[in-house]
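Trainee: Here is my input, please return the structure:
(2 chains)
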Number of protein chains: 2
Amino acid sequence: MIYAGVDIGGMTIKVGLVNENGKIVLSRAFATEQEKGFKSMVARTAEMVRALLDEANYSLLDLGGIGFGIPGTVDSKKGMIVSAVNIGCKNEKLVEEMAQYFNVPIAVGNDANMAALGEQRFGAGKGHENVVMITLGTGIGGGIIIDGKLYEGNGGAGGEVGHQIIVVDGEQCNCGRRGCWERYASATGLINQTKYAMADNANSLMHKIASENGGVDGKTAFLAKDAGDEAGRNVVEQYLHYLSEGLLNLAYVLHPEMFIIGGGISHEGKNVMDPLREKLNESLQSSGMLPLIEIVQASLGNNAGIIGAAALVM
Amino acid sequence: MIYAGVDIGGMTIKVGLVNENGKIVLSRAFATEQEKGFKSMVARTAEMVRALLDEANYSLLDLGGIGFGIPGTVDSKKGMIVSAVNIGCKNEKLVEEMAQYFNVPIAVGNDANMAALGEQRFGAGKGHENVVMITLGTGIGGGIIIDGKLYEGNGGAGGEVGHQIIVVDGEQCNCGRRGCWERYASATGLINQTKYAMADNANSLMHKIASENGGVDGKTAFLAKDAGDEAGRNVVEQYLHYLSEGLLNLAYVLHPEMFIIGGGISHEGKNVMDPLREKLNESLQSSGMLPLIEIVQASLGNNAGIIGAAALVM
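Mentor: Sure thing, here's the model as predicted:
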């Protein structure tokens, strides 16, 4: 059996054939071209699935199912896209539409959830049934796996971990709340904190590093810290404090076996993972909230979405 | 069939016989007397179960199971009390010990979780499969029901919703963290905020109300507000703000169908429930995080623990 995983983004639609071991056998991407409308997106995806099956020498009888990851709110029970502004979709019956092309199980989920499912089944979380994945990018995405199954909350609206507040009446967030975790602990949050610190510290190495690298990014403060810059070290320490406080909130509420950290910031590796482990487990230990929780770096990278979408129909 | 629910507290052990409709047929309490040790507590509980069965004219064959609620950390899979300081127990094999007296299914859970299960099966949450219960007392307790089943987290350490922080580096909490929700939104938090406001407002009605009622309690500010006192109104508004922000955090992460609010503060009824509903659903609406979430007051009162413990073995 082979499974198709479809990762729909604002710019490209990625389709992959995934085997039962979670390996991508063949994959390809094409332009989303959302202006052509929902039905066209589905028709072109169906065509791509057929083309990949042909190319990899599979027949339709080998196809075990098709899973979709969507950047937005999804009602997976109804097989519907509720709202996904980045691809211009609202209240679209995705599963029904795709079923016109294929007589196999078809399912749909949110893309952050699909990445979490991919990592849990076949990536960094393999062998663990209770896992929370956090993606540190422009915002903070989350995916919750309980007893080996995706937990989506009522109407698919759960798992929005980036919008838990950690500072009452804090910084204004796009969601309307003030003080959301992602304002402080996403890559965007880190970049803002780096800029504030640079404005206050004219002699910091961060200025040199930023100009050499074409501007301030998520690495600026980390590079400065590594070079012995005090202002850079303070930025990193404050950032890791924000990051670990939000993670601890999830630990106290959900207490999973494992946190999987993905997204741009996770590429800092030991620089982020080691202090995060230390802060989290020190707090759990001192408050007696045991067992400790493993923290690991995501391992499937950009393929997690395709693999997770395929896992949804395995 | 009849089921025994046992609610163990620091002062008393309450035992009730509960029928399949979640009604307590007969119940009785006796002194915990923890100084007599764990085995004695279990032996006296077993004796009480037998006595209640006799008195209510049931035979041992009618007994479908026995469930326990424990004020502490419990490993329900292993049937163990991990740590419960209030009853002086650590690493005690409760299920194994009780099985010496009864040849029926025996199970154990945390007492806040048992109350949540009771409310979800037979109380305010009846008919709902995804429910989070919040108990506003000395601290803030929580119980999470997902797909009709208790979610306890790894090793039973989840559901500690009172220790999510809402103010980074805020007030010191007993758990070791700073800024925990329960520092601000428990009855204790409300009383502290009332006292601070009284110190700052010598002319507030809260002084008169407190002295008439034998001291400051969770009602002082509410009574002052109802009588038109501005300082009292400010305390209540700030308190409801803290309360709703933490509740919203749980909404964004878990998005249950319903929140059930229990504990002393919930007895304020409409005074608390109406503004809480308004704040929560206004935020969910404006951020597009739909569907809305019902908020209801707990309905089983002090019996929730016994009924929930019995429900654990139904």
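
Trainee: Just give me the longest helix of chain A.
Mentor: helix A:230-254 (DSSP state H).

Trainee: That helix versus helix B:230-254: what angle between them?
Mentor: For helix A:230-254 against helix B:230-254, the angle by axes from the mean of the first three to the mean of the last three CA atoms, to 10 degrees is 80 degrees.

Trainee: got the buried residues for helix A:230-254?
Mentor: Within helix A:230-254, the residues scored as buried using 16 or more other CB atoms under 10 Å in any protein chain shown are A:231-236, A:238-240, A:242-254. Using the backbone N, CA and C atoms, a C-beta is placed for each residue, glycine as well.

Trainee: repeat for stretch A:281-296
Mentor: Within stretch A:281-296, the residues that qualify as buried by neighbour count (16+ other CB under 10 Å) are A:281, A:283-284, A:287, A:289-296.

Trainee: if you look at those, which of them are in strands?
Mentor: Here DSSP state E is the test, and the buried residues of stretch A:281-296 give A:294-296 as lying in strands.

Trainee: would TSV of these with distance to chain B and pLDDT be doable?
Mentor: What follows is those, written out as TSV (distance: CB to the nearest CB, whole Å; pLDDT from 0 to 100):
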residue	distance to chain B	pLDDT
A:Glu294	10	97
A:Ile295	13	97
A:Val296	15	96
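
Trainee: A:Val6: how many residues sit nearby?
Mentor: The number of residues packed around A:Val6, counting by other CB atoms under 10 Å in any protein chain shown, is 28.

Trainee: scratch that, A:Met11 is what I was asking about
Mentor: Number of residues near A:Met11 (other CB under 10 Å) recorded here: 11.

Trainee: The nearest residue to A:Gly137 once chain neighbours are set aside and A:Thr135: what is the separation?
Mentor: Counting by CB to CB, 6 or more residues apart in numbering or on different chains, A:Gly137 lies nearest to A:Gly263, which is 4.2 Å off, once chain neighbours are set aside. A:Gly263 sits 4 Å away from A:Thr135, taking CB to CB, to the nearest Å as the criterion.

Trainee: again, but for A:Gly218
Mentor: Counting by CB to CB, the separation of A:Gly218 from A:Thr135 is 13 Å.

Trainee: May I ask which two of the buried residues of stretch A:281-296 are separated the most?
Mentor: Distance extremes for the buried residues of stretch A:281-296: the farthest pair is A:Ser287 and A:Val296 at 22.4 Å, using CB to CB.

Trainee: residues touching the closest residue to chain B within the stretch 1-150 of chain A, list them.
Mentor: The minimum distance from the stretch 1-150 of chain A to chain B, using CB to the nearest CB, falls at A:Asn130 (5.8 Å). Residues near A:Asn130 by CB atoms under 8 Å, 6 or more residues apart in numbering or on different chains: A:145-147, A:254, A:256-258, B:153-154.

Trainee: Look up how far A:Ile145 lies from it.
Mentor: Counting by CB to CB, the gap from A:Asn130 to A:Ile145 is 7 Å.

Trainee: shared neighbours, those two?
Mentor: Counting by CB under 8 Å, 6+ apart, the residues touching both A:Asn130 and A:Ile145 are A:Pro256.

Trainee: near chain B, which residues of the stretch 151-300 of chain A?
Mentor: Residues of the stretch 151-300 of chain A found near chain B, taking CB under 8 Å from any CB of the partner chain as the criterion, are A:151, A:153-155, A:157-161, A:163-168, A:175-177, A:184, A:241-242, A:245, A:248-250, A:252-257, A:283-284, A:286-291, A:293.

Trainee: still on that earlier bit, whichever helix or strand comes after the longest helix of chain A pairs with which strands, parallel or anti?
Mentor: Going down the chain from helix A:230-254, the next helix or strand is strand A:258-262, by DSSP states H and E. Strand A:258-262 sits in its sheet next to strand A:131-136 (parallel), strand A:294-297 (parallel), going by DSSP bridges.

Trainee: Burial-wise, tell me which of those strands comes out on top.
Mentor: Greatest average neighbour count among the strands paired with strand A:258-262 goes to strand A:131-136 (a mean of 28), per mean count of other CB atoms under 10 Å in any protein chain shown.

Trainee: starting at the chain centroid, how far to that one?
Mentor: Distance, stretch centre to chain centre, for strand A:131-136: 7 Å (CA atoms, centre = their mean, to the nearest Å).

Trainee: How about stretch A:280-294?
Mentor: Relative to the centre of its chain, stretch A:280-294 is centred 25 Å away, using CA atoms, centre = their mean.

Trainee: quick one: contacts of that stretch?
Mentor: A:128, A:244, A:247-248, A:251-252, A:255-259, A:295, B:73, B:83, B:154-155, B:157, B:160, B:163, B:175-177.

Trainee: Quick one: end-to-end length of that stretch, please.
Mentor: Its first and final residues considered, stretch A:280-294 spans 9 Å by CA to CA, to the nearest Å.

Trainee: before we move on, what about stretch A:120-127?
Mentor: The first and last residues of stretch A:120-127 sit 8 Å apart, counting by CA to CA.

Trainee: and that stretch, what's its mean pLDDT?
Mentor: Taken as a whole, stretch A:120-127 carries a mean pLDDT of 97.
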